[in-house]
Structures are given as C-alpha cells and as structure tokens.
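Colleague: Turn this into a structure:
(chains A and B)
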Amino acid sequence: MTYTIEGETGPWELVIGLEVHAQVTSNAKLFSGAATEFGAEPNSQVSFVDAGFPGMLPVINRECVAQAVRTGLGLNAQVNPWSRFDRKNYFYADLPQGYQISQFAHPIVGTGVITVELSDGSTKEIGITRLHLEQDAGKSIHDQHPTKSFIDLNRSGVALMEIVSEPDMRSPEEAGAYLTKLRQILRYLGTCDGNMEQGSLRADVNVSVRKAGEGFRTRCEVKNVNSIRFVMQAVEAEARRQIEVWESGGTVDQETRLFDTSRGVTRSMRSKEDAHDYRYFPDPDLPPLVIDPSWIEELKAGLPELPDARRTRYVNDFGLSAYDANVLTAEKETASFYEEVAAGRDPKVAANWVTGDFFAMLNRMGKGIEDSPVSAKHLGALLDLIADKTLSGKMAKEVLEAMGETGKAPGTIVEERGLRQVTDTGAIEAAVDAIIAANPDKVEQYRAKPTLFGWFVGQVMKAMKGQGNPALVNEVLKAKLDG
Amino acid sequence: MHPTDFTIRGALEALNEGIVTSEALTQAHLDAIQALNPRLNAFITVTAEKALEAARASDKRRSDGLAGKLEGIPLAIKDLFCTAGTRTTAASRILGEFTPPYESTVTSNLLRDGAVFLGKVNLDEFAMGSSNATSAYGEVENPWQRSNDDGVRLVPGGSSGGSAAAVAARLALGATATDTGGSIRQPAAFCGIAGIKPTYGRCSRWGVVAFASSLDTPGPVARTVEDCAILLESMSGHDPKDSTSANLPVPDFAAACARGVKGLRIGVPKEYRLEGMPEEIEALWQQGLDWLRAEGAEIVDISLPHTKYALPTYYIVAPAEASSNLARYDGVRYGARVNGEDLKDLYERTRAAGFGAEVKRRIMIGTYVLSAGYYDAYYLKAQKVRTLIKRDFDEAFKTVDAILTPATPSAAFAAGEKQDDPVAMYLNDVFTVTANLAGIPGMTVPAGYDRHGLPLGLQVLARDFDEETVFAVGTAIELAAGLKALPQVRAFA
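Modeller: All right, here's what the predicted structure looks like:
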C-alpha cells in the first residue's frame, strides 16, 4: 500500500531523499592534529590549520579515512580506491580558510544499499548514492552580545561523512526508519556516535510530492533537522505545504528551507537564485586519495557484526522471538550487554530478564544502558543465583532492585540481607509441620475446601521469612496435608 | 676582500679556518644593509639584534665542534616565509603586523644547519608580479644600472626582487625565494645572480604564504651555482606536514656541480625562439650551446609543441588557486581589519583596503575562471593543457638530459615601464612558467650582458628531481661565461 496524503484533488505520493551529515568518530580532525571532544571550552581545540593561518597545509588523517571506508562497507557500498578532495569556496566568519575541503566530483564511497524495517513487519531497500568526507565549519554564536557575534572554531576541521540516499523513501515512516537504521549501523561500526542532540548526526531532507504514475516534481531541501522525530514531522509538513501550493495553482520552487520545530512548519531559507556559486575545484594542497585494496580488505575483516546479522543470529541460534531480537539489537550497547549476560547461560532467560525487569528498572531510574548501575556481569551472576536455586524469582527481583540502588554484586546483597532461599527439605518440613500442628481447625476445613492450600503456603513462607523455595514448599505441604 | 664579497662556500671555509667569525660576517652585512637599504629597499624588516645574537650562538657552536652545514652564514629570507616571532607581511597591507608563532619548514631547516637570518626581504605582494612593483612596502631597486644612462632606476624583477637585489648588492650571502611562474629565476637573471626553482615537492611549502599551491616552489638565490646547491641541500627534504612534499632522499647537490657535462644531451626547444626576441638574447643562447658543446655535451634540437599555451594556462591556473588561497585574509582572525556595518561589509572594506591592484586583479580572474558556466572552458581546459605541457617535457626528456633556454625575453627594465599593461608584464614569465606547470626543476645562471651592460641569464631545465644535472650544466655555463662585472650599487664598493 502506497502512503499518500489526501488533497483536494485526490491522493498525493511523497518522494523523499536524505543527506545525512555524520561526524566521524576519531581523536583528531580530518586535516589537523587538533582534538575533537564535544563540549570543550570554545576555541580550545583549534590548530593553526583549523584557524586558516597563513602557510598552513592540510594533511589527511588516516583514521578518518578508515572510518569512511568502514562505513562504506557497512552500507554495502562500493569503496572507491581513487577519490579526490575539492575546495568548496564561500565566505563566512566561521569558515576560516574561506573554503571547505570536501569531495565533490570523486567521493570515497559510491552506491550502496541498506534494508529498513517498517512497523507492519515488512522491509524495504533504500539506495545509497554516495558517501564523501568533508570538513565541518566552526560555529557562529549570535546570542551572547547585542551587536557582536562570537566564533567557536572547535568544530572547524572536524571530519564529517555526508551520506546521500537515493530518493527511495515514500512516507515519513520510511524516512524515519531509514535514519534510524543508518544511525544504528554507524553506531555499530563505531564510525559516528549518532548523537543528534549534540549535532554529531544531522539530516537535510529532500521532499517532493506527485500524483501516482508521475515522474519527479520539484523538490525542496529542509536543512539541518536534528532528530528522527523532527525528520518525520518535517517530511509531513513540507509535503502538505507543497500539496497546497500545487493545488492552489502555484508551482513549487526549488529552494532551501528550515523546519520550525515549535510551529511544525517549514519556512524558506534561500531560493535557488540566492544559491552560492561554490567554485569547486580540486584542492591543490592534497594529492588524490588512493586506497590500497588490501587495506580495504583488512578493514573489512575487522568490521564488527552489524545489526541485521546479529538479529538473525539471535532468532536462529538463541531461539529468541523476532520482537526480542529487535529490541536487543537496536543499540550496539544493549546487544553487547545482553550477550555478556547470556554468555554460558540460557539465552532466552537472559533475554527475558534484560528486556523485562532490567529495562523496567532503568526506565524507573531514568538511566540508559551506558550508565546502568547494574553491570552485565552482576546481572549474569543474579541469573546464576536463580539457576542454582539460591534465589527464587521473586527474591531475585528484590535483589535486582537493591543492585540498582547500591551497585553492589548480587552475592553481596544476598549475604548482607540474609536472603538465601531455603531448599533444605528438612527445614521446610519442620516449618510445614509446625504450621499444621498449630492449625488443626484449618487442616480440618482443608479436607472440604482444598482452595485453603494457598493459605498454608502463605503461612509457611511467612514463617520462613519468604526464603523457602516455593516449589519445595508446595511439594512438602501437598504431601503432608494430603498424606 | 671584504666579508660581504664572500661566496657561501668561501665564507664557510673562512669561518672554519677562523679567518672570520659569524658575528663579524653578520655585522658586515648589517652595516651594508644600513648603508644601502634606504636606497634599494630590499629589506622590509631587518632583525639586527636577533641576527647578531644568532651569529654569536653560531660562533659558540662552531668552537664547540657542533658546526652545521651552513653554520654562521647570514641569509635574507623572502617575506613570504613565516618566521617565528618575526613579522611576516607577504608585502601586503592585509597581513598588518602579523607575527607567526611558527617557523616555516624551509627556514627551520636552514636554522637547523646553523644559518643566521638578517631579516625579511621584499617581494611583489603575495608574490604576484615580475618587477617587485606591487609590494605594499615599496619598490625595490635593481643594484645594476645601464652603462649609458645611470639615472634610470631598474626593476630587480619579481616576485623575489628583494631576495635577488639583496644578494646581488652584497646585503646577504644568499636568500630564500619562491617561484610560482618564474619568481626565482627572472629576478635572479635581472640581478645577475643564480637561482634555482627545484622540482615541485623538493622543498616543503609548509609555512610559506600560499599564492598558487600547485605551482609554488621554494628555492634559493645566491651568487654562484654552487652556493645555490649548498642552500638547496639544506632547504630540501620530505616534510610530513606538506602532503605534496616528495619523500625522497636529498642528494649531495654541491658535489653534482663538479660533474661536468661531457656526454650529456642538451635539448634546444624551437618553440622558445620567439618572434621579435632581441638579437642579443638569441646570441647568448647560441653562445651557451657552444660552451656546452665545447665541454663535450651533445646539442639536440627538440620540440615542446604546447609551449605557446603555457602563459595563458598559467594565468588561469595560478589566479584560480590564488582566489581561493587568499580567501582566508578576511580581517576576522588576524591581520588588518576595517570594520563595517555587517560581516559582508567588513569583508569588503578589509579586502578593498588590504589588497593591492594586482592581487585584486588576479583574485577576480581566478574567481571568474572557477565560476559556474566558465569552469569547463577555462579551468578544466587549462588543466588539460597543463597535462599536455608536462607530456611535452616527458617526451623531450626521453632523448635529452637537460634543456637550455634564455631566462627572460629582455634584461631588467626601468621602473614604471610595463606598469600600465599587465599582459606585457606577464610576458616576462614566458620562458619560466613551463617549468612550474610541469613541476620540473629550472635554474637561471648569469651568462652575459646586454648592450647596456645589464646581466642576462640562461635557463637550464631537467627531469623531475634531477637537480643534480641542472647544477652540472649550470656550473659549466658559469665557468665558461667567467663573468667579472659587478653591480654599480653594492656594499663597500
């Protein structure tokens, strides 16, 4: 079923393509040795190269190239053994060199494809047009002083990957699913941290609308959208705007727009006529980037398992449901956490605990898996205590709570609180005998009314301070009462 | 003999034998600068205190047995090389009082080998020019004068006019220079000294204010071919900070000077025989070929068919790169700033006030040839022609070891001449730009005089990274020419 938006003239289809800017995870910038840490003091991570000082020259950072190659491989794309850097010339105060070094004509990565999952359980392939490396600009800060602007060059020269999709998406959901999947792949690869709030990942959204069976109509580009939710909203808002324009007899002009997140509408930023003439030409300071095929092979061999492969493995080898496998592989950190918990244990039990009580606990605490007070090692140890019957399931839930509060190992908590489950049948029998002896009237009533069994279980457990193994308590009680 | 008359080789020997100290040598040059710079205007900045301090430190190293290859030699540095703690102007107002906190790789290499820097010498603004007339710090006078007319001030050539004039007038034993289209070789020829543009990639460009990155080549000027070889050896070497720097060992260039030319095949490109070229240039060229033949070289007629496209190609490629390279001079982070109403106004005022006319002209040409709709017709076409010019040389060097041509189409001209006609000025580079476009090494060597007694040079070209053959051929010409005349304006004359 094709997603459409109903206009006055009938249904309209959407055509969507994304240009995603992903900050390369690396210790140093693309062409200088300066650091790239987020949130540092303004202008504290700037080399003379980044500040465009006279006579300074760019030298390519090998790790950034490796990250681009890894990403290309992760996107099932062609890695080009020969690529080239061009200068994109324009003047702005936060662009110290007066040009951005980018790859215009010959990108490092060519066409690829990724598969996205949709909410109805279906999948769709989205084409990747290209991926190229480029420098980020600095940051202009206009709100610190009534008449002055401030410039922070910490970002200047930071390596970005621009990942351009084919116009293959047909609905806000597909655009969201594409960005979600792309982000997931980047994070699995460790080539971009995917942090959209900090601007490590941002999307330019190209949208056009058409009637069924038509070719492409004019598109508009919505710049710098910084969350997956906003991407989906921007697609919808921009598509509705264009439909209105077409239906009122106007024409959509190719232009660059911004998404106003508070009003949920897009507004014009600059028209095609105002577009810069960037005067691209090959950067004479940099020889062509030639990549040895054997290095590509080496990087390929070192790639981590990607989400699709991991999900399949969870279903096939671990016997998990497709739903649990999805949840556990959504984030690389979650999957790694889960695999550590599951290692040498029942993978299904581990999955139930991770996606159940553990996630519920994190949610209550407002924490993520990366700052979880309970380590995978401790959660695994807790499962071991259940498996060897030291703890009942109910007790284990209490212990997990305590682990969340204290960060302590489950064994320590069990010791400290004396929470050991009693599996000694002698002790259980003694407790059962005492309850039966103290309540002859109830025993009498039980003969006529077997539902009183639960009352006996409760009394025994109470007497044992909740530490009696429930199965054993049941078993012994049954034998004594019915015997 | 006065210490300013030493060659670098001679000075190194004298220093080694204790005949002179670096301090005395440096002081002699500072005295010469003080006496003559007000007239010649070769130096923009003289760092007398620093120089004497460096000279004393050098003398100490020598007495400690730690002498480097250039220990104690006073040099002038083209003011396009960034020098830590010393103002670097590129002869432009736009850099203001910019004082780099870093030292260019080439000057670092010279300091490593013990050289003493006297100061920063004048040039055409951002190295754009052939007469040193575009400098924001005033014109430089050529120390040579016409024998028939000593009232006329002659230009030293450009862009390394300050370097060439300072060395010719004995204000320095040698100087650094840069060559983008002939900026080492043409002023060296005009001032009667030697200068080599090495192969592109031989000397690092790191810390050299960029004009046209794919053409800019640092190199030395000095009074003898051997002195150039000594300087180039220090200046050269792989630099990981310059991605276009060649990772090749540096040969013993000075040793190559004595190789001789016996058995070498010397090419004579017919396309360098220009219509209307002065007869004395033609005669000197023939003389040079005769000298080399007499020394055992074989003279071979060759063709470099795309030569006539070299100058227009150069005047597309160089301004294109310059228009981008000079974008960073915007008044925002360093250098001169003229405040404006808004950012755009600040840019416009700063750049209008900061750049001179020739620089503006080239920025505009460069911007134009890179513009949408013109890129293919100009820049892309020029790049294709550049490839053909390189191929011409590759073909020629299959049959010859070196090529001999005139250095310039004329001797030094008078100040003010050709000022109103940029194209006539651009023609100065007609013999030299091809080497920049091809990246090959080229050297000009003084070989004779014009009818007014002004120096004329010959140019030697060779294969990529074969500066050794250039030095061998250059030395043969230098020896055969045996020139004795000295410039009229010189220290302690």
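Colleague: Can you tell me the closest non-neighbouring residue to B:Leu388?
Modeller: Nearest non-adjacent residue to B:Leu388, counting by Cβ to Cβ, 6 or more residues apart in numbering or on different chains: B:His306, 4.6 Å away. C-beta: built from backbone N, CA, C; applies to glycine.
Colleague: Which parts of the stretch 1-150 of chain A are helices?
Modeller: Assigned helices in the stretch 1-150 of chain A, in chain order: A:62-74 (criterion: DSSP state H, counting those that start in this stretch).
Colleague: and it, which residues reach chain B?
Modeller: A:48, A:51-60, A:87, A:89, A:91-93, A:96-99, A:149 (Cβ under 8 Å from any Cβ of the partner chain).
Colleague: rerun at 7 Å
Modeller: A:48, A:51-52, A:54-55, A:57-60, A:87, A:89, A:91, A:93, A:96-99 (Cβ under 7 Å from any Cβ of the partner chain).
Colleague: Lowest-scoring secondary structure element of chain B by mean pLDDT?
Modeller: Scoring the helices and strands of chain B by mean pLDDT, DSSP states H and E places helix B:422-426 at the bottom, with a mean of 76.
Colleague: For chain A, what's its nearest residue on chain B.
Modeller: Relative to chain A, the nearest point of chain B is B:Ala327 (2.3 Å; Cβ to the nearest Cβ).
Colleague: Could you give the number of residues near that residue?
Modeller: 23 (other Cβ atoms under 10 Å in any protein chain shown).
Colleague: for it, what are its contacts?
Modeller: Each residue near B:Ala327 by Cβ atoms under 7 Å, 6 or more residues apart in numbering or on different chains is listed here: A:89, A:91, A:97-99.
Colleague: Sort those by pLDDT and name the bottom one.
Modeller: Lowest in pLDDT among the contacts of B:Ala327 is A:Phe91, which has 94.
Colleague: and the residue of chain A found nearest chain B, backbone torsions?
Modeller: Nearest residue of chain A to chain B (Cβ to the nearest Cβ) works out as A:Gly98 at 2.3 Å. Phi and psi for A:Gly98, reported as degrees, to the nearest 10, are phi 80, psi 0.
Colleague: Surely it and B:Tyr329 touch.
Modeller: No. Assessed by Cβ atoms under 7 Å, A:Gly98 is found out of contact with B:Tyr329, at 8.3 Å.
Colleague: Which of the two has more residues huddled nearby?
Modeller: Neighbour count, other Cβ under 10 Å: between A:Gly98 and B:Tyr329, B:Tyr329 has more, with 28 against 21.
Colleague: wouldn't A:Asn80 be in contact with A:Ile108 here?
Modeller: Yes. Assessed by Cβ under 7 Å, A:Asn80 is found in contact with A:Ile108 at 5.8 Å.
Colleague: List the buried residues for the least confident helix or strand of chain B?
Modeller: By 16 or more other Cβ atoms under 10 Å in any protein chain shown, the buried positions in helix B:422-426 come out as B:422, B:425-426.
Colleague: Tell me how far that helix lies from the chain's centre.
Modeller: Distance of helix B:422-426 from the chain centroid (Cα atoms, centre = their mean, to the nearest Å) equals 19 Å.
Colleague: Quick check: residues of the stretch 301-450 of chain B near chain A?
Modeller: When proximity is defined by Cβ under 7 Å from any Cβ, the stretch 301-450 of chain B lies next to chain A at B:320-321, B:324, B:327-328, B:330, B:332-333, B:343, B:347, B:367, B:370-372, B:379.
Colleague: Narrow the residues you listed to just the buried residues.
Modeller: Buried by 16+ other Cβ under 10 Å: B:320-321, B:324, B:327-328, B:330, B:332, B:343, B:347, B:367, B:370, B:379, out of these.
Colleague: Following element in sequence after the helix or strand hosting A:Ala350, please.
Modeller: For A:Ala350, the host element (DSSP states H and E) is helix A:347-353. Following helix A:347-353 in sequence order, the next helix or strand is helix A:359-365 (DSSP H and E).
Colleague: No further queries at this time; thank you.
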